[in-house]
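In: Could you look at this predicted model? Sequence included:
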Amino acid sequence: MSFNLRAAILQNVSGNSEEQVEATIQDAIQSGEEKMLPGLGVLFEVFWKQADPQAKDLVINEIADGLK
């Protein structure tokens with residue numbers, strides 16, 4: 001049986017308000033649980049697909065700075 005984790009995550013958060021999305025992200029980060037990482041990855045993918053080049057550059061710079 002094949003399970004599409006990406007689709008399941010998207011279905012779970014589809015229609016969420018900005019506040020709900022923020023709470024989901026905060027909860028995932030604060031919990032520190034490895035099982036939350038795929039969900040954060042899917043949310044990042046959603047951002048990346050709709051972001052303009054300037055927003056992408058900003059995120060890349062922030063991540064690179066945070067890894068120093």
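Out: The structure has been received and is ready for your questions.
In: Now do the helices in the protein.
Out: Using DSSP state H, the helices found in the chain span residues 5-13, 18-31, 37-50, 53-66.
In: buried sites along the last one?
Out: Just to be clear, that refers to helix 53-66. Residues of helix 53-66 include none that count as buried (16 or more other C-beta atoms under 10 Å). C-beta here means a position set from N, CA and C on the backbone, and glycine is covered the same way.
In: just stretch 38-57 next, same as before
Out: Buried residues in stretch 38-57 (16+ other C-beta under 10 Å): 39, 42-43.
In: before we move on, what about stretch 3-21?
Out: Ile9.
In: For that stretch, what is the distance to the chain centroid?
Out: On the basis of C-alpha atoms, centre = their mean, to the nearest Å, stretch 3-21 sits 10 Å off its chain's mean C-alpha point.
In: for stretch 15-33, same thing?
Out: On C-alpha atoms, centre = their mean, the centre of stretch 15-33 falls 9 Å from the chain's centre.
In: Please list all residues in contact with the spatially most central residue of the chain.
Out: Most central in the chain under C-alpha atoms, centre = their mean is Leu43, positioned 2.6 Å from the mean C-alpha point. Leu43 makes contact with 9, 13, 21, 24-25, according to C-beta atoms under 8 Å, 6 or more residues apart in numbering.
In: switch the cut-off to 7 Å
Out: Ile25 (C-beta atoms under 7 Å, 6 or more residues apart in numbering).
In: Show the low-confidence segments of this protein, by residue range.
Out: In the predicted model, the chain carries pLDDT under 70 at residues 1-2.
In: how much space between Ile60 and Arg6?
Out: Distance, Ile60 to Arg6, using C-beta to C-beta, to the nearest Å: 22 Å.
In: and if you look at Val42?
Out: Val42 is 5 Å from Arg6, where distance means C-beta to C-beta.
In: Glu34 now?
Out: Here the criterion is C-beta to C-beta. By it, Glu34 lies 17 Å from Arg6.
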